[in-house]
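Enquirer: Show me how the following folds:
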Amino acid sequence: MNFVAALGPVSTASVFAQEYPSRQLRLLVPYTAGGGTDLAARIVMKKLSAQLGQPIVVENKPGAGAALAYTELLRSKPDGYTLTTGSGITSLLNLLNSKLPFDAATDLVQVAPLASVPIVLIASNKVPAQDMAELVSHVKQNPGMSYGTPGPATPHHLAGVLLASMAGLQMTHVGYRGTAPAVQDVIGGHLPLAIIGLSTAIQFARSGQLKVLGVGSAKRSELAPEIPTLAEAGVKGYDASYWYDICVAKGVPKAVVRRLHTEVTQALQDTEVRKTLTAAGLEPMAVTQDEYQRMLQAERAKWEPIIRANHIQMGS
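Expert: Just a heads-up that it's a prediction; the model follows:
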């Protein structure tokens, strides 16, 4: 009896995982349509739907600093049929927004990465610096120079704080409402610096409207290998990579989480998916579950003290 009873829950979970999914899935995107998160999700979900043999409806649920989508996810049944997108710093959301009605570190399960987003430091043509070394010298002589980002408490903002700290610079953050207005102010000479996505920056750099001083990742981007990393350009050890991922609610059976990870990873190895992501300025990420957990732990260890020390908050 005890042996049979012990097998019962395992058998049920196994059967559920084998049957999953048997109906339509939903993916909640916490941001508006057309952005990087939305693009990555729609590209990968199209392939994932074909693999699973079930439709996946992508719904944009922007609002409350991504809290709206996560709150809806956590109100749904934890069966793996409702998903959301997240990022490498999702588990730190409560540090960035103390008013969240949930604990991101325990209530959300980060399943698998989708794609990384190369970020770059751009400069107005009015800034008398052609590379990072010259910029460091210039800012040290002119402390307080402003840099823009798509908003407060974004990965770009964190990247700027880390850059200023590692390079020993006094810089002032200006949070915009999105990438476009920050770029336009750099081009217009109203803002000296900004940290944005490479895919947006490169088109303006190649037309001579602004300068790209370096890529924020640990290695050069395949999208523009001619651009040095900020580490190469003078800020040794600098790495502010970030990425998008898929999340589910706590309580989703582990077998379903494993199935989703396997299927997402398989989708990311598809030639057409990789080609489409790259064309959109995104770098596909396909890693094992263990590798991903180590990556998430490393992100938390890196960013948590920076967020706390600088009191970084959404809307601040």
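
Enquirer: In the protein, spot the helix with the most residues.
Expert: As assigned by DSSP state H, the longest helix anywhere in the chain is helix 289-310.

Enquirer: average model confidence for that one?
Expert: Averaged across helix 289-310, the pLDDT comes to 95.

Enquirer: counting contacts, what elements does it pack onto?
Expert: Packing contacts for helix 289-310, counted by 3 or more Cβ pairs under 8 Å, 6 or more residues apart in numbering; DSSP states H and E, involve helix 93-96, strand 108-117, helix 155-167, helix 254-268. Backbone N, C-alpha and C define where each C-beta goes, glycine included.

Enquirer: tell me the angle the last one makes with helix 289-310.
Expert: Just to be clear, that refers to helix 254-268. Counting by axes from the mean of the first three to the mean of the last three Cα atoms, to 10 degrees, helix 254-268 lies at 90 degrees to helix 289-310.

Enquirer: who touches helix 254-268?
Expert: Contacting residues not belonging to helix 254-268 are listed as 13-14, 16-17, 20, 44, 47-48, 51-52, 79-80, 83, 109, 111-112, 114-115, 246, 248, 273-274, 284-289, 292 [Cβ atoms under 8 Å, 6 or more residues apart in numbering].

Enquirer: Please apply the same query to the first one.
Expert: Counting by Cβ under 8 Å, 6+ apart, helix 93-96 makes contact with 65-67, 70, 89, 100, 103-105, 153, 304, 307-308, 312-314, all of which sit outside it.

Enquirer: re the thing from before, show me which of the contacts of helix 254-268 are buried.
Expert: Using 16 or more other Cβ atoms under 10 Å as the burial test, the contacts of helix 254-268 include 17, 20, 44, 47-48, 52, 80, 83, 109, 111-112, 114-115, 246, 248, 273-274, 284-286, 292 as buried.

Enquirer: Please work out how many residues are found near Ser207.
Expert: 9 (other Cβ atoms under 10 Å).

Enquirer: From Glu222, how far out is it?
Expert: 21 Å (Cβ to Cβ, to the nearest Å).

Enquirer: all helices for the protein, in order.
Expert: Under the criterion DSSP H, the chain contains helices at 2-19, 36-52, 67-75, 93-96, 104-107, 132-141, 155-167, 179-187, 198-206, 254-268, 271-279, 289-310.

Enquirer: nearest to Ile227, of these?
Expert: The minimum distance between Ile227 and the helices of the chain falls on helix 198-206, with 7.8 Å, by Cβ to Cβ.

Enquirer: angle of that closest one against helix 271-279?
Expert: With the same axes, to 10 degrees applied, the angle from helix 198-206 to helix 271-279 works out at 50 degrees.

Enquirer: quick one, helix 198-206 and strand 108-117 angle?
Expert: Interaxial angle, helix 198-206 versus strand 108-117 (the same axes, to 10 degrees): 20 degrees.

Enquirer: Please point out which parts of helix 198-206 sit buried.
Expert: Neighbour counts over helix 198-206 (16+ other Cβ under 10 Å) mark Leu198, Ser199, Thr200, Ala201, Ile202, Phe204, Ala205 as buried.
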